[in-house]
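J.: Quick check, what structure comes out for this input:
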Amino acid sequence: MLVGVPKEIKDNEYRVGLVPSAVRELNGNGHGVIVETAAGLGAGLTDGDYQAAGAEIVPTADAVLARAELIVKVKEPLAGERKKLKRGQVLFTYLHLAADREQAEDLIASGVTAIAYETVTSPQGTLPLLTPMSEVAGRMAPHVGAH
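T.: Take a look at the predicted model:
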């Protein structure tokens, strides 16, 4: 499978969908990874870090979205990104669809298989991908409120 990582374009989002160690793991299991140039800079990760882990660096998000079978992001795709998704692709990211009818309708229309991090459930019924984010938010809330 070809896994693609576009740069996040949502305002004030500096995280990246995969870190180089995940790229190395995917490559070791026979998968290719393409990463948009500068996708990791906000997280302190360079194109060289990704190349050293085995990723191919591509110049644009369009190049990622055109080629990738699995697209890994952090935040929900914005309207312009959603228009480039297509049937046969899998999107793996936070989606928060209940609050965004337009996004839900666009994803349905695209034919993409969208998997929301916040809905992934463990065999024990917990939300392993949502729990860490909730813990961070809970720890930050008093500081943000005090500010």
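J.: Just give me the neighbour total for residue 140.
T.: Using other C-beta atoms under 10 Å, the number of residues around residue 140 comes to 10. Bear in mind the C-beta positions are built from the backbone N, C-alpha and C, glycine included.
J.: Local confidence estimate at it?
T.: pLDDT, residue 140: 86.
J.: And for the one 5 residues further on?
T.: The per-residue pLDDT reported for residue 145 equals 90.
J.: Where does it sit, in terms of helix or strand?
T.: Here residue 145, judged by DSSP states H and E, is contained in helix 131-146.
J.: Would you mind extracting the C-alpha trace of that helix into PDB?
T.: Extracted in PDB, the C-alpha atoms of helix 131-146 (Å, rounded to 0.1, in the frame of the first residue of the first chain):
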ATOM      1  CA  THR A 131      -7.700   9.300  25.100                       C
ATOM      2  CA  PRO A 132      -4.200  10.900  24.800                       C
ATOM      3  CA  MET A 133      -5.700  14.000  23.200                       C
ATOM      4  CA  SER A 134      -8.300  14.200  25.900                       C
ATOM      5  CA  GLU A 135      -5.500  13.900  28.600                       C
ATOM      6  CA  VAL A 136      -3.500  16.700  26.900                       C
ATOM      7  CA  ALA A 137      -6.600  19.000  26.700                       C
ATOM      8  CA  GLY A 138      -7.500  18.300  30.300                       C
ATOM      9  CA  ARG A 139      -4.000  19.200  31.400                       C
ATOM     10  CA  MET A 140      -3.900  22.400  29.300                       C
ATOM     11  CA  ALA A 141      -7.400  23.700  30.200                       C
ATOM     12  CA  PRO A 142      -6.400  25.300  33.600                       C
ATOM     13  CA  HIS A 143      -3.400  27.000  32.000                       C
ATOM     14  CA  VAL A 144      -5.300  28.300  29.100                       C
ATOM     15  CA  GLY A 145      -8.100  29.500  31.400                       C
ATOM     16  CA  ALA A 146      -5.600  31.200  33.700                       C
END
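J.: No more questions from me, cheers.
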